[in-house]
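fold the stuff below for me.
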Amino acid sequence: IAVDGTYNNTNIKNIKGCLETNLNMGYYNVTKNIPIDITYCGEENKNREILQLKKYINSNKLKNVILVLDRAYFSYDFINFLDTQNLKYVIRVRNNCLMLDKNKGKHKNKINNKNVRFITYKTDRYVVKKDKNNLDTKLKETLECNIITNLSLNEYKDDEIKNIYLSRWDIE
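Next up is the predicted model:
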């Protein structure tokens, strides 16, 4: 299940010239390519995607799923929460994270589960941008991603983890 929070502006309070930014949470089955659920979380939950996902997990008693999450969901406490819930996950790690000891490839002791692993991969993608003459130009850029997962290496090779993470783009 890919999960992502999105924001929209509303004027529920009907105050002239005033927009409220509201959080909506989307849940998407990447295996079947279908949306599962969307929840309206309201203005008071702005920047509380992890809290809302925890509530969703608890209220829906999620089991036997792999959560596929972007950088906004990377948190030591949240990863420990997922481990206590016996949930599998693939989460992109923020680029500025100090969690990964580059020399040893080991995580620091902020995560209780010693079986987590990190995967770093680079992938090329092409984007279309306008050049100085306002013509479309196809540019190649290299994207480097760091991923943390508790999926077993015996069951999921690094390339499979990368593909699982890339499948989350369908929720965008």
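
alpha carbons only for contacts and neighbour counts from here, please
OK.

bridged to I147, which residues?
Under the criterion DSSP bridges, I147 forms beta bridges with R92, I119.

pretty sure it contacts N95?
No. Counting by Cα atoms under 8 Å, I147 stays clear of N95, with 10.2 Å between them.

looking at the two now, which is surrounded by more residues?
More crowded of I147 and N95, by other Cα atoms under 10 Å: I147, with 24 against 10.

could you pull up the residues touching the more buried one?
By Cα atoms under 8 Å, 6 or more residues apart in numbering, I147 lies in contact with 90-93, 118-120.

go ahead and confirm L23 touches N45.
Yes. Assessed by Cα under 8 Å, L23 is found in contact with N45 at 6.2 Å.

those two - which one has more neighbours?
A direct count of neighbours by other Cα under 10 Å for L23 and N45 places L23 higher, at 23 against 15.

how far away is that one from N9?
Going from L23 to N9 by Cα to Cα, to the nearest Å gives 9 Å.

please apply the same query to K129.
Using Cα to Cα, K129 is found at 28 Å from N9.

mind checking the SS state of D124?
Of the three states, D124 takes strand under DSSP: H, G, I helix; E, B strand; the rest coil.

which strand residues bridge it?
Per DSSP bridges, the residues bridged to D124 are T142.

quick one: it and E141 touch, right?
Yes. The pair D124 and E141 passes the contact test of Cα under 8 Å, sitting 5.7 Å apart.

quick one: distance of stretch 74-87 to the chain centre.
With Cα atoms, centre = their mean, to the nearest Å as the basis, stretch 74-87 stands 13 Å off its chain's centre.

could you count how many residues lie near N47?
Applying other Cα under 10 Å, we find 15 residues neighbouring N47.
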